[in-house]
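S.K.: Mind folding the following:
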Amino acid sequence: MKTAKAAAIHDLSGIGRCSLTAAIPILSVMGIQVCPLPTAVLSNQTGFAQYDIADLTDHMERFGECWAPWYGQFDAIYTGFLSNPRQAEITRGLVEKLRGEETLVMVDPILGDHGVRYPIFDDTMCEKVRELAFSADVITPNLTEACLLANEPAETAQNLQTRAELIQLASYLASKGPGTVVITGIRDEDMVANLAYCKEDSRCFWEANKRIGFSYSGTGDVLASILCGGLVQGLPLGQTLREACRFIGMALEETAKAGTDPREGILFEPFLAELVELL
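M.R.: Here you go, the predicted model:
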């Protein structure tokens, strides 16, 4: 039996359940071999007051060259945090080398949140990430990032209120290339919702979790990783989104009970077996 293989182009944070420390266990338990190509290594994720970072921009192309024997053999390519425009350019080139005819390319375009563009990113970075995202099959921006991809100010995210407006935004992004657009982290009264839009037949799926106290780091990475795993394994988009939100809901409840630091992310480890049941 062939094991699916995913190239994961993300950063690695020692503390904080995000990026590779979310993608590797989730995809692995879903039966997918994860091949990480790190963009940076951090002592802890950047939500903490102090952290150290080793930027790997100068290594990424050389890493990719070493992967030449596996060009075209990946079932998925899944990209996340990129620290500068050069990394976005390198990643786009790597995607083209690594993808095969049936490869699923998923881009999680990390640019901002809560109506604010992250201060380390400028207009050039937004443009480079936009180019990468529009070359993908699936993109998973949060609402702020969806606005930035649409070349709208980040604060536009605070003004989008209706599902019709959100569907229009997702449809616009899909028209630029991706077949599937999943907009995450939508505030809906006491819920946090996610909208999935499929360009092929204009179907939409809406799934939400009850907001519990804090904004937990890395929740979007958990959602995107489950989506990647489910789609690679042939699960329908709507079912995968629904099960991802159910999984996150269980982890959120456990995290709230434990009272752990929100910057350390959600306690998803006790529920990984739930993902095995999906397959």
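S.K.: Run a quick neighbour tally on residue 66.
M.R.: Residue 66 has 10 neighbours, counted by other Cβ atoms under 10 Å. The C-beta positions use only the backbone N, C-alpha and C, and glycine is treated the same way.
S.K.: confidence score at it?
M.R.: Residue 66 carries a pLDDT score of 98 in this model.
S.K.: Distance-wise, check it relative to residue 59.
M.R.: According to Cβ to Cβ, to the nearest Å, residue 66 stands 10 Å off from residue 59.
S.K.: ok, and what's touching stretch 267-279?
M.R.: Stretch 267-279 is contacted by residues 17, 22, 25-26, 29-31, 222, 226, 229-230, 233, 235, 240, 243, 246-248, 250-251, 254-255, 258, 260 when judged by Cβ atoms under 8 Å, 6 or more residues apart in numbering.
S.K.: Please, a ChimeraX command that selects the buried ones among those residues?
M.R.: Buried members of the contacts of stretch 267-279 can be picked out in ChimeraX with the line below, counting by 16 or more other Cβ atoms under 10 Å:
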select :17,22,25,26,29,30,31,222,226,229,230,233,235,240,243,247,248,250,251,254,255
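S.K.: Rounded mean pLDDT for stretch 38-46, please.
M.R.: Mean per-residue pLDDT for stretch 38-46: 95.
S.K.: Correction: the previous question concerned stretch 74-86.
M.R.: Averaged over stretch 74-86, pLDDT sits at 97.
S.K.: Can you name the residues that contact the residue nearest the centre of the chain?
M.R.: The centroid of the chain falls nearest to residue 108 when counting by Cα atoms, centre = their mean (3.6 Å). Residue 108 makes contact with 78-80, 139-141, 220-221, 224, according to Cβ under 8 Å, 6+ apart.
S.K.: Could I have the buried ones of those as PyMOL selection syntax?
M.R.: Selecting only the buried members of those in PyMOL, with burial defined as 16+ other Cβ under 10 Å, works like this:
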select buried, resi 78+79+80+139+140+141+220+221+224
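S.K.: returning to what we had before: in strands only, show me the contacts of stretch 267-279.
M.R.: Here DSSP state E is the test, and these give no hits in strands at all.
S.K.: taking the contacts of stretch 267-279 one by one, which sit in helices?
M.R.: Counting by DSSP state H, the part of these found in helices is 22, 25-26, 29, 222, 226, 229-230, 240, 243, 246-248, 250-251, 254-255, 258.
S.K.: So for the residue nearest to the centre of the chain, what's the pLDDT?
M.R.: 98.
S.K.: Leaving out sequence neighbours, find the closest residue to residue 132.
M.R.: Excluding the flanking residues, the one nearest residue 132 by Cβ to Cβ, 6 or more residues apart in numbering is residue 92, at 4.8 Å.
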